[in-house]
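Enquirer: Please find the sequence and the predicted model below.
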Amino acid sequence: MNDRSALVASLSETRMSGNPPRTDAAAPKDLDEALRLQLDVLEALLASGEELAGWKVGLTSERVRERLGREERPFGYLLASGVHKSGERVALEAISPAAGVEPELCFEMGATLPAADVTPEQARDAVARVSAGMEINAFRSDGSSFESLVADDLAQWGIVVGSGGPITADFSSGAVDAVMTCDGREEASARGAEVIDDHFVSLAILANTLGRFGRRLEAGQRVITGSFSAHKVKRPGHWHARFSGVGEVEIHFG
């Protein structure tokens, strides 16, 4: 097994178990290399029986991009085994070594987009449904290298999909207000336009970036487009998010 194969195997095991990745391997030298490595890990997981459920878009907050000194919006993949229905219970010990949860909109694609030159308008037209959602994160790496975080699927562990419906003509993602609570106590509230990029711009960027790597944003895939707020999960509890004009979603950590 060569160094690349060993690194892919290590990251695949890390993605599923939460065990720390290899520390003796060099970090990817740039974002493109990190994304190629991420996709190699995805292929290894698919070969082992996992199924691709969709994608996530990272760095969709201008504030976060400025803090990191980045302009890119890298992608991550979603596995079918990590898709949870609203109201389910998730064992905290299954999320190793530490868990986080973020309220996010979840889009279901109704049509496959081209591999290049996709516009936000085309992305919007291709969406079949928008739902209230959450991303569950597992903080597997120490965050010392942004490229290593990308290779490790941007801390993705799973998603929770709640209520929603088709995109209406008057739907404005920037006007969506999200309220996150834990055990009935408000943890955060935010309006989309104040904390996150336009979601259809993010979908178009995702489609175009996937195209550069020989992938497509396909009908039936789900996409989460960035967090309205971010929360560490340190103890069992009931988390609930409400998105104005969209729906609600909840998850129990036990």
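Expert: All right, it came through fine.
Enquirer: And the pLDDT at residue 4?
Expert: According to the prediction, residue 4 has pLDDT 85.
Enquirer: what about residue 61, neighbour count?
Expert: A total of 17 residues lie near residue 61 under the criterion other C-beta atoms under 10 Å. (Glycine included, C-beta is placed from N, CA and C.)
Enquirer: those helices in the stretch 1-150 of the chain, which residues are they?
Expert: Using DSSP state H, counting those that start in this stretch, the helices of the stretch 1-150 of the chain run over 3-17, 31-47, 62-68, 120-126, 146-151.
Enquirer: same check, this time on the stretch 151-254 of the chain
Expert: Using DSSP H, counting those that start in this stretch, helices in the stretch 151-254 of the chain cover 192-195, 199-212.
Enquirer: thinking again about what came up before, between the helices of the stretch 1-150 of the chain, which one is closest to residue 91.
Expert: Nearest to residue 91, of all those, is helix 3-17, at 14.1 Å by C-beta to C-beta.
Enquirer: so how far is that closest one off the chain centroid?
Expert: On the basis of C-alpha atoms, centre = their mean, to the nearest Å, helix 3-17 sits 20 Å off its chain's mean C-alpha point.
Enquirer: That one - contacts with which helices or strands?
Expert: helix 31-47 (3 or more C-beta pairs under 8 Å, 6 or more residues apart in numbering; DSSP states H and E).
Enquirer: for the protein, what are the low-confidence residue spans?
Expert: 1-2, 20-26, 142-143 (pLDDT under 70).
Enquirer: re the thing from before, make TSV out of the helices of the stretch 151-254 of the chain and add mean neighbour count and distance to residue 237.
Expert: TSV is the format used below for those (neighbours: other C-beta atoms under 10 Å; distance: least, C-beta to C-beta, whole Å):
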stretch	mean neighbour count	distance to residue 237
helix 192-195	16	23
helix 199-212	22	28
